[in-house]
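J.: Sharing a model that was predicted from the sequence below.
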Amino acid sequence: MNIFQDWPEPIVPIPIIDIGRLCTDDITLQTKTLDQISKACREWGFFQVVNHGMSPQLMDQAKATWREFFHLPMELKNMHANSPKTYEGYGSRLGVEKGAILDWSDYYYLHYQPSSLKDYTKWPSLPLHCRDILEDYCKDMVKLCENLMKILSKNLGLQEDRLQNAFGGKEESGGCLRVNYYPKCPQPELTLGISPHSDPGGLTILLPDEQVAGLQVRGSDDSWIIVEPAPHALIVNIGDQIQMLSNSIYKSIEHRVIVNPAFERLSLAFFYNPKGNVPIEPLKELVTVDSPALYSSTTYDRYRQFIRTQGPRSKCHIDELKSPRS
């Protein structure tokens, strides 16, 4: 089952990078790999990673577990329904209007770290053993994010712990999982799985559905480009917080999700974010006379609240935080 040929938009493979090469003794290969990541962060804001350290078996188990959950009867899923007071748990955006476009997805959102926010009672209890699989999956995701933060710092010419420290350190950085389930849609021309946006946090690591196309990235010519996942690859994208910290050297790119009339689709997005109350502003090492600070100082908590009050507005949120001096 592969429906890529059904899409009129161009399919362009975003960079696929073997980050296992960074663990070799070949300095030339290490340097080439770092350069590939640097170019992807600066030009694309998206890239795929292979040999990333997570086992293919665990990736497949995680997707199979969530697919089984979303196929449960509604009364069982609603045992974990979220509430107006919390986003955590099971929810639905099916037929929810955002401007002129309807969202078309169910989702499940949960916190993994810091430990003070992890609440297993909000994790699904079915299917059996799902919590053990989720624990292993999120643990490996945090390891990958911490490794990527070192790489991104190094490519900016900074100490390898610089971005991590700007997030509040390893223990205080946030990690959360949103699983998106897109049922078959009878009128896909009237809906989007997720409306156009850039991710407000730091890093997003996406485990995509390899069989059904859906994720689209805004190209430099303003076109929508379909992302074709590589087998057992993970898709990495830069969030707004890292764009601000890097003084726009790294780019947070607008993207959206398209639904399909014939096939359902599932994806797992792991978000790695700064601690909510630490100041986020261009790092002083990256600010010069020729490259002044582009953004005013904020916090992740304030930024998220700003987005909630403004509603979906593509990339407008981060643009409104640009410093008057820029």
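T.: Looks like it arrived, so ask away.

J.: Just the pLDDT at the nearest residue to residue 24 once chain neighbours are set aside, thanks.
T.: With sequence-adjacent residues excluded and distances taken as CB to CB, 6 or more residues apart in numbering, residue 24 is closest to residue 30, at 6.7 Å. In short, each C-beta sits where N, CA and C put it, glycine included. At residue 30 the predicted local distance difference test score is 96.

J.: go on, residue 6?
T.: Per-residue pLDDT puts residue 6 at 47.

J.: okay, and the helix or strand of this protein with the least pLDDT?
T.: Using mean pLDDT, DSSP states H and E, the weakest-scoring helix or strand in the chain turns out to be strand 96-98, at a mean of 53.

J.: on that earlier part again, make sure the residue nearest to residue 24 is actually in contact with residue 20.
T.: No - with contact taken as CB atoms under 8 Å, residue 30 and residue 20 are classed as non-touching, separated by 10.9 Å.

J.: all helices of this structure, in order?
T.: Taking DSSP state H as the criterion, the chain contains helices spanning 27-43, 56-70, 74-77, 130-155, 162-166, 240-245, 300-310, 316-319.

J.: what's the burial count for residue 89?
T.: Residue 89 is flanked by 21 other residues according to other CB atoms under 10 Å.

J.: Who are the contact partners of the residue nearest to it when sequence neighbours are not counted?
T.: Spatial nearest neighbour of residue 89, excluding adjacent residues (CB to CB, 6+ apart): residue 82 at 3.7 Å. For residue 82, the set of contacting residues under the criterion of CB atoms under 8 Å, 6 or more residues apart in numbering consists of 88, 89, 90, 91, 109.

J.: Show the contacting residues for the residue lying closest to residue 63 once chain neighbours are set aside.
T.: Excluding the flanking residues, the one nearest residue 63 by CB to CB, 6+ apart is residue 266, at 6.0 Å. By CB under 8 Å, 6+ apart, residue 266 lies in contact with 63, 66, 67, 70, 179, 180, 181, 182, 209.

J.: now, among the residues you listed, which is nearest to residue 238?
T.: Distance to residue 238 across those (CB to CB) is lowest for residue 180, with 19.3 Å.

J.: I'd say that closest one and residue 107 touch.
T.: Yes - distance between residue 180 and residue 107: 5.2 Å, which falls inside the contact criterion (CB under 8 Å).

J.: Give me the more crowded residue out of the two.
T.: Here residue 180 and residue 107 are set side by side on neighbour count (other CB under 10 Å), and the busier one is residue 180, at 23 against 20.

J.: Pipe the helices of the chain into a markdown table and attach mean neighbour count and distance to residue 278 per row.
T.: Converted to a markdown table, the helices of the chain look like this (neighbours: other CB atoms under 10 Å; distance: least, CB to CB, whole Å):
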| stretch | mean neighbour count | distance to residue 278 |
| --- | --- | --- |
| helix 27-43 | 15 | 22 |
| helix 56-70 | 17 | 30 |
| helix 74-77 | 12 | 35 |
| helix 130-155 | 18 | 14 |
| helix 162-166 | 22 | 7 |
| helix 240-245 | 26 | 10 |
| helix 300-310 | 15 | 7 |
| helix 316-319 | 16 | 17 |
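
J.: Identify whichever of these lies nearest to residue 203.
T.: Nearest to residue 203 among the helices of the chain is helix 130-155 (5.6 Å), distances taken as CB to CB.

J.: What mean pLDDT does that closest one get?
T.: Computed over helix 130-155, the average pLDDT equals 98.

J.: Any stretches of the stretch 101-250 of the chain with poor pLDDT?
T.: Within the stretch 101-250 of the chain, the stretches with pLDDT under 70 are 101-103, 189-191.

J.: Please repeat the previous calculation with a cut-off of 80.
T.: Across the stretch 101-250 of the chain, the stretches falling below the confidence threshold (pLDDT under 80) are 101-104, 186-194, 213.

J.: hey, where'd the strands end up in it?
T.: Using DSSP state E, counting those that start in this stretch, the strands assigned to the stretch 101-250 of the chain run over residues 101-103, 106-113, 174-182, 191-192, 194-197, 203-207, 215-218, 224-226, 234-238.

J.: Any idea which of the ones you listed gets closest to residue 253?
T.: Among the strands of the stretch 101-250 of the chain, strand 215-218 comes nearest to residue 253, with 5.8 Å by CB to CB.

J.: Would you mind putting the CA coordinates of that closest one into CSV?
T.: Backbone C-alpha positions of strand 215-218 (Å, rounded to 0.1, in the frame of the first residue of the first chain) are rendered in CSV as follows:
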residue,chain,number,x,y,z
LEU,A,215,3.4,15.5,6.0
GLN,A,216,4.0,18.5,3.8
VAL,A,217,6.8,21.2,4.3
ARG,A,218,6.6,24.7,2.9
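
J.: Quick one: distance of it to the chain centre.
T.: If you compare the mean C-alpha spot of strand 215-218 with that of the full chain, they lie 12 Å apart, counting by CA atoms, centre = their mean, to the nearest Å.

J.: got a list of contacts for it?
T.: Here strand 215-218 makes contact (CB under 8 Å, 6+ apart) with 9, 14, 44-46, 196, 206, 208, 224-227, 235, 253-258, 267.
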